[in-house]
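# My questions are about this predicted structure, shown below with the sequence.
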Amino acid sequence: MLEERGSDPPGATGRVDIGARVNEILGAAEDAAERHRREALDAAAAIRSEAAADAATIVEEAERHLVNLQAQADAEARETRSAGDVYATQRRRQADEEAGKILTEAEHQARATREAAEAMAGQLEDDARARTRELSERVRELETRLGRVPAALRSIATPLEEVLANGLPSGSLLEALDVDRQRTPSGP
């Protein structure tokens, strides 16, 4: 019947607009999820990189300290060689032990920093996955709601088609579309 009038069915543009809007929302949700995932991965990579750099710096400082301690021990040994080789050996051993402790502590700190960075990266990745799941759930909800749209549009289209098929009775278009009023007999 609508084809005879030569015009688009009422609400056709609205359906296209709703579909386009839903597609736009779904696209935006997917883009946001991907952006959050990329940001989490970038943050995790930055934390890992920073932890590796910090660990390298700590090890380098410990090695420099070790070199300095060994140089000090050697200098003291040369100065005190006349006092005896026993004293020089003892000082060298003390310096090596101190350097070993510092190196061990530096390695421990580097390991702790790396583990903390990995834990933080894991948390960021978990957060990104949770956000992705949340967005996926929201998309499913929107898809479910979108699935209900055709039935709602059909329920609107049926009375409108009846009015258009039967012609507009006297009164306004709103009165003609008032299904409850048409079903009850008019009063005196």
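Everything's here; your move. Numbers count the residues shown, from 1 in each chain.
# Residue 139 contacts residue 29, doesn't it?
Yes. Residue 139 lies in contact with residue 29 (CB atoms under 8 Å); the separation is 5.3 Å. To be clear about C-beta, it is placed using only N, CA and C from the backbone, and glycine gets the same treatment.
# any weak-confidence spans in this structure?
By pLDDT under 70, the weakly predicted segments of the chain are 1-16, 77, 167-188.
# Residue most distant from the centroid, it?
Of all residues in the chain, residue 82 has its C-alpha farthest from the mean position, at 69.0 Å, by CA atoms, centre = their mean.
# Quick check: that residue vs residue 94, distance?
As judged by CB to CB, to the nearest Å, residue 82 and residue 94 stand 20 Å apart.
# repeat for residue 152
Residue 152 is 86 Å from residue 94, by CB to CB.
# Just want to know which of those two has more residues nearby.
Neighbours were counted for residue 152 and for residue 94 using other CB atoms under 10 Å; residue 94 has more, 12 against 9.
# Tell me which other helices or strands the helix or strand in which that one is found touches.
Residue 94 is located in helix 85-166, with elements delineated by DSSP states H and E. Contact here means 3 or more CB pairs under 8 Å, 6 or more residues apart in numbering; DSSP states H and E; on that basis helix 85-166 packs against helix 2-5, helix 12-80, helix 173-177.
# what about 10 Å?
On a contact count with 3 or more CB pairs under 10 Å, 6 or more residues apart in numbering; DSSP states H and E, helix 85-166 meets helix 2-5, helix 12-80, helix 173-177, helix 179-183.
# quick one, what contacts residue 139?
If a contact means CB atoms under 10 Å, 6 or more residues apart in numbering, then residue 139 has 22, 25, 26, 29, 30, 33 as its contacts.
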